[in-house]
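Enquirer: Sequence first, then the predicted structure:
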Amino acid sequence: ESIVVTTTRGATVLQVSEIDWIEAAGNYVQLWIGKRSYFHRESLQTLEERVSKHGFARAHRRALVRISGVKELVRTRAGALIAILNSGARIPISRRRSSTFTAAIRDLGVAQAEK
């Protein structure tokens with residue numbers, strides 16, 4: 001699946017599998033691929049329905065993360081959970097979503113081990 005985003009030079013087609021994480025930005029979402037970001041006019045909730053089948057999980061109320069792009073999960077001294085992505089981005093995981101998020105990471109590891 002792909003997402004077409006408007007840029008200053010026209011339009012760009014982004015493959016969902018290339019997107020590292022997605023952040024809510026008002027009526028838009030900001031799609032992050034490495035250090036580059038693209039704006040797309042769609043709500044995070046609507047986009048979540050489209051990309052969840054492609055391995056994305058909700059990290060907190062404003063972010064979706066591609067599970068296969070998570071390099072590690074770390075806890076801060078205060079006990080907060082942070083997902084560190086292969087791109088270097090650090091995404092906080094809300095307390096409410098931490099068990100679901102870590103389970104998705106665990107399930108991905110089991111699925112990869114079985115291949």
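Expert: Arrived safely, thanks for sending.
Enquirer: Please report the confidence value the model assigns to residue 112.
Expert: As predicted, residue 112 sits at a pLDDT of 57.
Enquirer: where does the longest helix belonging to the chain sit relative to the chain's centre, distance-wise?
Expert: The residue-count maximum for a helix in the chain (DSSP state H) belongs to helix 95-114. Computed by CA atoms, centre = their mean, to the nearest Å, the chain-centroid distance of helix 95-114 equals 14 Å.
Enquirer: buried stuff in that helix?
Expert: For helix 95-114, the neighbour count (16 or more other CB atoms under 10 Å) marks 97, 98, 101, 102, 104, 105 as buried. No exception for glycine: its C-beta is placed from N, CA and C like everyone else's.
Enquirer: So what sits opposite the residue nearest to the spatial centre of the chain in the bridge?
Expert: Residue closest to the average C-alpha location in the chain (CA atoms, centre = their mean): residue 65, at 1.7 Å. Beta-bridge partners recorded for residue 65 (DSSP bridges): residue 21, residue 57.
Enquirer: Next one: it, what pLDDT does it get?
Expert: In this model, residue 65 is scored at 96, pLDDT.
Enquirer: With residue 108 instead?
Expert: We have a pLDDT of 74 for residue 108.
Enquirer: In this structure it contacts residue 55, no?
Expert: Yes - if you go by CB atoms under 8 Å, residue 108 and residue 55 touch, sitting 7.4 Å apart.
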